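Engineer: Just the structure for this:
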Amino acid sequence: MAKLTPAKIKEQIKKIQEEIEKAKTRYPGRSFTEVTPEEVRRKLKRAKSPIITYQFWTSSAAQGGTIDFVVGIHNPDPTEARRLFAHVWVGSGAPDPVTSTFLLNVDTRFPRLTQPDFPGAKIPSSSTLELNFALDVPSGQVVQESNYFGHTYLMKAQWFDPSDFLDRGLWVFTVT
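Structural biologist: As a prediction, the model looks like this:
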């Protein structure tokens, strides 16, 4: 990420807030998380981008049902971002700050999902992209009625080296 001036950071915060408000009208009644202006400021000062700016999902589903999940990814950079993938899964790794073990903390009863297909997402400069997931709640297995942690992992693929961790998100849904 190129170093952004205070004016550019303010501009990006405004753009992200506008995208969040538009998303709220597209997904009424869904649970959601969104970054605050201060969180955006902090994220834009670090070295890695694009960033996750919002997540929307259906708050509950019965066994055999589906949780519909949407993640908004914003590219604050002056150039197009490429080879981006979001990985979604269920597990209890939210407090784990170590990426390698965070990714291993998986409730194997639920599927692990990755979007988009090869060669990954492209996001133009100063733009937001949404990725949509349908997380199936298992049936025929013991999945208790409870709350579960959903995780989003955003990465930039490197075809011949370790891929770049960019951002992560947490969301909570209920199996009824």
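
Engineer: so how far is Pro95 from the residue located most distally from the centre of the chain?
Structural biologist: For the chain, the C-alpha farthest from the mean C-alpha position belongs to Gly140; by CA atoms, centre = their mean, that distance is 28.5 Å. Counting by CB to CB, to the nearest Å, the gap from Gly140 to Pro95 is 31 Å. The way it works is simple: take the backbone N, C-alpha and C, and place the C-beta from them, glycine included.

Engineer: how far away is the residue farthest from the centre of the chain from Asp117?
Structural biologist: Taking CB to CB, one finds Gly140 at 29 Å from Asp117.

Engineer: and what of Ile16?
Structural biologist: Distance from Ile16 to Asp117, counting by CB to CB: 26 Å.

Engineer: Compare those two (neighbour count), which wins?
Structural biologist: With neighbours defined as other CB atoms under 10 Å, Ile16 and Asp117 compare such that Ile16 has more, 25 against 8.

Engineer: residue boundaries of the helices in the protein?
Structural biologist: Counting by DSSP state H, the segments of the chain that form helices are 6-26, 37-45, 99-104.

Engineer: need the least confident one among these, by mean pLDDT.
Structural biologist: Looking over those, mean pLDDT reaches its minimum on helix 99-104, with a mean of 78.

Engineer: contacting residues for the residue farthest from the centre of the chain?
Structural biologist: With CB atoms under 8 Å, 6 or more residues apart in numbering as the criterion, the residues that contact Gly140 are Gln63.

Engineer: Reformat the helices of the chain as a markdown table; add distance to Ala86.
Structural biologist: Conversion of the helices of the chain to a markdown table gives the following (distance: least, CB to CB, whole Å):
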| stretch | distance to Ala86 |
| --- | --- |
| helix 6-26 | 15 |
| helix 37-45 | 16 |
| helix 99-104 | 13 |
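
Engineer: These: which one's closest to Trp57?
Structural biologist: helix 6-26 (12.0 Å; CB to CB).

Engineer: Could you list every helix and strand in contact with that closest one?
Structural biologist: Packed against helix 6-26 by the contact rule (3 or more CB pairs under 8 Å, 6 or more residues apart in numbering; DSSP states H and E) you find strand 31-34, helix 37-45, strand 51-57, strand 66-75, strand 127-136.

Engineer: buried sites along stretch 112-122?
Structural biologist: When neighbours are counted by 16 or more other CB atoms under 10 Å, the buried residues of stretch 112-122 are found to be Arg112, Leu113, Gln115, Gly120, Ala121.
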